[in-house]
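> Only the shape, not the letters, is given here:
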């Protein structure tokens with residue numbers, strides 16, 4: 001949620017509830033107006049494997065999966081999530097689904113438990129993009 005709000009408003013808010021939201025946002029990219037619809041799902045709701053998860057995957061055109069560099073468990077669930085997404089999306093067509101892995105909380109390097117190299121290697125092995133960021137900064 002912090003990363004989504006930072007993208008939409010350029011402000012950082014540190015504390016969020018455990019709510020799911022859909023945001024809409026217009027942005028001009030290379031002179032073209034782009035309308036984003038962002039379905040922000042908290043990590044507590046990402047662990048379900050069922051119709052709600054399938055609905056989210058079918059709804060989306062691309063995926064940004066965010067983990068905390070300070071939380072190994074949030075990183076460890078990524079391979080299964082990505083396999084689930086690819087099976088659901090790419091099974092229907094031959095097109096590659098755009099997926100980006102984002103390691104958040106780069107500013108908390110003193111609490112890091114997942115190295116940048118681990119993130120890069122995971123993204124490379126799963127054919128995903130990779131970034132490390134700090135929503136706070």
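Nice, thanks for sending it over. None of the values given here were measured: they were computed from a predicted structure.
> What helix or strand is the residue most central in space within the chain located in?
For the chain, the residue nearest the mean C-alpha position is residue 65 (2.2 Å; C-alpha atoms, centre = their mean). Using DSSP states H and E, residue 65 maps to strand 63-68.
> what does residue 122 give?
helix 116-125.
> Any idea how far that helix is from the middle of the chain?
With C-alpha atoms, centre = their mean, to the nearest Å as the basis, helix 116-125 stands 15 Å off its chain's centre.
> mind checking how far the residue nearest to the centre of the chain is from residue 28?
26 Å (C-beta to C-beta, to the nearest Å). Quick note: C-beta positions are derived from backbone N, CA and C, even for glycine.
> Leaving out sequence neighbours, find the closest residue to residue 118.
residue 75 (7.2 Å; C-beta to C-beta, 6 or more residues apart in numbering).
> If you could redo that for residue 23, that was the one I meant.
residue 38 (4.5 Å).
> For the helix or strand in which the one you found is found, buried residues please.
In this assignment (DSSP H and E), residue 38 forms part of strand 32-40. For strand 32-40, the neighbour count (16 or more other C-beta atoms under 10 Å) marks residue 40 as buried.
> partners of the strand holding residue 65 in the sheet?
Sheet pairing of strand 63-68 (DSSP bridges) gives strand 99-104 (parallel).
> In the partner strand, which of the residues would be classed as buried?
For strand 99-104, by 16+ other C-beta under 10 Å, it's 99, 101, 102, 103, 104.
> so how far is residue 61 from the residue of the chain positioned farthest from its centre?
Distance from the C-alpha centroid of the chain peaks at residue 31, with 25.6 Å (C-alpha atoms, centre = their mean). Going from residue 31 to residue 61 by C-beta to C-beta gives 21 Å.
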